[in-house]
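Undergrad: 3D model of this:
(2 chains)
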Amino acid sequence: MCNANDTQPRLKRRPVGRSVEHLEQLMDLEHGRMSRDVFWDRDIYEQELERIFARCWLFVAHESQIPKAGDYVSTYMGEDNVLIVRQKDGSVRGFLNTCPHRGNKVCFADLGNARQFVCNYHGWAFGIDGALKGMHASSAYEESGLDKSAHGLHPVAQIDSYRGLIFATLDPQAPSLAEYLGDFRYYLDAIFDMDEGGTEFIGGCVKSVIQCNWKFASENFVGDILHAGWTHDSGAKAMVGGPVAEVHKFPEQSYHVNFNGHGWEFNQDIVGNAATLGDKEIMKYLYVLQPKVAERLGELRSKMIGAISSCTLFPNSSFLPGQNTFRTWHPRGPGAIELHTWTFVNRNAPQAVKDAWRKGTMMTFSPSGVFEMDDGENWEYSTRTNSGFVTRQQDLYLGLGHETRLTDTGLPGNVYRGQINEANQRAFYQRWFDLMEAPSWGCVPQRDVATMEVKA
Amino acid sequence: MAEPIFLIKKSDLDAGCVRRVECGGQALAVYNLGGCFYATQDGCTHATASLSEGEIIDDDCIACPVHDGTFHIPSGQAMSFPCEHALRTFKVIEQGDEVLVDLEQEADEAADAI
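TA: Residues are numbered from 1 along each chain as shown, chains lettered A, B, ... in the order given. The predicted model follows:
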């Protein structure tokens, strides 16, 4: 369904702003050091909106949310509000949710089915294909010679999907989604293609605000299982009657893997994450499914389906296998995020199992969930302490797991021994730095070379 | 009463569908509602729009493709914002597989409504 807008973009951008100076002094990843400024500075944040969020492929919807023509969701790409709309030919398109006349929002619902989007202000009306179809007092515009074809909703630059996950980018120069995900698709299949029916989102979107920098959330899911044994110990005891598994004692059975800044930490215990939901039906479902996944995707990936693990797709969407929460950390200034979460399940799973998962994500990873509350508190204070002028002159440490790189596993991407590691976090910030320094996509260093096919 | 003019073959318009037909120098929207045929002016009375590009909803109403205002197809009456003025309707005569129109007479349902 790849849909690139080959027409000249109408969006006129200011010439790329001057980069924040001396960004290279904020990172010394080789020695596991980084500055706190990246979590606090407003100029850095503004540059992120331009060079990260207006440039990267961002998750915008799951195919299952918009099955029929006219179905739409309203979501964000950075702070840009966009509408993602199923077309009559089955393709998906995306538009900025703003009227090109006087700028008002044209759709106020989070999701629904529409025959058109009509602006409340002056009645400009747009088809689900974004085309301007007419307006209130249309004869007055006709007398003024308005060219309706030149004033449709602003389209996103490119939109495409992988295994049911729809992504879009606002940068016409961005590489294809296949290139952007690269070899990370190998791991994504373990969750989004473990069953032939694929996945779906169930229930609604749960939203909350956390007063933290967006990168604390992303870097936590990209590779930080370390915190679980400490932060979530009491939550785990409440949910499963015991502490979090001591994963640091078994590094030979677990990994950090990353590609293009996307990262996944995982072990091979099949159901470790799922167990925290405290539901036996989910455990039984995964145990029965695992041998079938082994046939489909091989032994290693079959053991990832509900294992102790977490993943971030660069820059700001994350998910947890087993706990089945998918989420996007929308930035709201350097010190806040708007968190949108959904429950995903295998489409072919029994209804009772789907219901158990929806209940389970509420109990663990919702605003009142036993684990999410713990995380939010930590990230808020990791952000807020940096209001101190002297405090934010102090470096942070990110050096866990040096010398753990593995080159003989046969697995794609960059592979590291042991999930208690900060290799993925360093790769995440390396990607962040590369994008922040590059004036255009063509200048972004291609550090990771894909071995999987990237042609559409 | 004027001489009925040929509009469309019944078999060319499926139930639940609407099509624009040029007839006697004007644009008509011709509808098939469950096997009964109707004709109204094609232009919306609110703003510039071709109703035949809209969608038939609630069994017998046409939703304008521009602002989603609705008209009752058999009577032409405006049903919802922003439409306020009724559509001109035309009397339709079915003859075998053919649908004819009398451009000088309103539909029976419209005459009843007045």
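
Undergrad: which parts of the host helix or strand of B:Phe90 are buried?
TA: Assigned by DSSP states H and E, B:Phe90 belongs to strand B:89-95. Across strand B:89-95, burial judged by 16 or more other CB atoms under 10 Å in any protein chain shown covers B:Thr89, B:Phe90, B:Lys91, B:Val92. Where C-beta positions appear, they are placed from N, C-alpha and C, glycine not excepted.

Undergrad: in the chain, which segments are predicted with low confidence?
TA: With no chain named, the answer covers chain A. A:1-17, A:455-456 (pLDDT under 70).

Undergrad: meant chain B, my bad for not saying
TA: B:113-114.

Undergrad: so after the helix or strand that contains A:Arg358, what's the next helix or strand?
TA: Here A:Arg358 sits within helix A:351-364, counting by DSSP H and E. On the C-terminal side of helix A:351-364, the closest following helix or strand by DSSP H and E is helix A:372-384.

Undergrad: Which residues does whichever helix or strand comes after that following helix contact?
TA: Next helix or strand after helix A:372-384 toward the C-terminus (DSSP H and E): strand A:396-397. For strand A:396-397, the external contacting residues (CB atoms under 8 Å, 6 or more residues apart in numbering or on different chains) are A:Gly32, A:Arg33, A:Met34, A:Ser35, A:Arg36.

Undergrad: Generate a PyMOL selection restricted to the buried subset of the residues you listed.
TA: Restricted to buried positions by 16+ other CB under 10 Å, the PyMOL selection for the contacts of strand A:396-397 reads:
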select buried, chain A and resi 32+34+35+36
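
Undergrad: Could you dump the contacts of strand A:396-397 into JSON lines with distance to chain B and secondary structure added?
TA: Formatted as JSON lines, the contacts of strand A:396-397 follow (distance: CB to the nearest CB, whole Å; DSSP: H, G, I helix; E, B strand; the rest coil):
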{"residue": "A:Gly32", "distance to chain B": "58", "secondary structure": "coil"}
{"residue": "A:Arg33", "distance to chain B": "58", "secondary structure": "strand"}
{"residue": "A:Met34", "distance to chain B": "52", "secondary structure": "strand"}
{"residue": "A:Ser35", "distance to chain B": "52", "secondary structure": "coil"}
{"residue": "A:Arg36", "distance to chain B": "51", "secondary structure": "coil"}
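
Undergrad: which of the contacts of strand A:396-397 sit farthest apart?
TA: A:Gly32 and A:Arg36 (14.4 Å; CB to CB).

Undergrad: contacting residues around stretch A:237-252?
TA: Applying CB under 8 Å, 6+ apart, the set of residues contacting stretch A:237-252 is A:225-226, A:228-229, A:232-233, A:236, A:254, A:267, A:269, A:272, A:275-278, A:308, A:363-364, A:370, A:404, A:417-420.

Undergrad: what's around A:Thr383, how many residues?
TA: Per other CB atoms under 10 Å in any protein chain shown, the neighbour tally for A:Thr383 reads 23.

Undergrad: And for A:Cys107?
TA: What A:Cys107 shows, counting by other CB under 10 Å, is a neighbour count of 23.

Undergrad: what's near enough to touch the nearest residue to it once chain neighbours are set aside?
TA: Leaving aside its sequence neighbours, A:Cys107 sits nearest to A:Phe117 (CB to CB, 6 or more residues apart in numbering or on different chains; 5.1 Å). Shown in contact with A:Phe117 (CB under 8 Å, 6+ apart): A:Leu83, A:Val106, A:Cys107, A:Ala125, A:Phe126, A:Ile128, A:Leu153.

Undergrad: How about A:Ile210?
TA: Applying CB under 8 Å, 6+ apart, the residues near A:Ile210 are A:Ala217, A:Ala336, A:Ile337, A:Leu339, A:Gly376, A:Trp379, A:Glu380.

Undergrad: The fifth one and chain B, how far apart?
TA: Relative to chain B, A:Gly376 is positioned 41 Å away (criterion: CB to the nearest CB, to the nearest Å).

Undergrad: Return the distance of the residue nearest to that residue when sequence neighbours are not counted relative to chain B.
TA: In space, and not counting its chain neighbours, A:Gly376 is closest to A:Ile210: 4.7 Å by CB to CB, 6+ apart. In this view, A:Ile210 and chain B are 38 Å apart by CB to the nearest CB.

Undergrad: Tell me how many other residues surround A:Ile282.
TA: Residues near A:Ile282, counting by other CB under 10 Å: 26.
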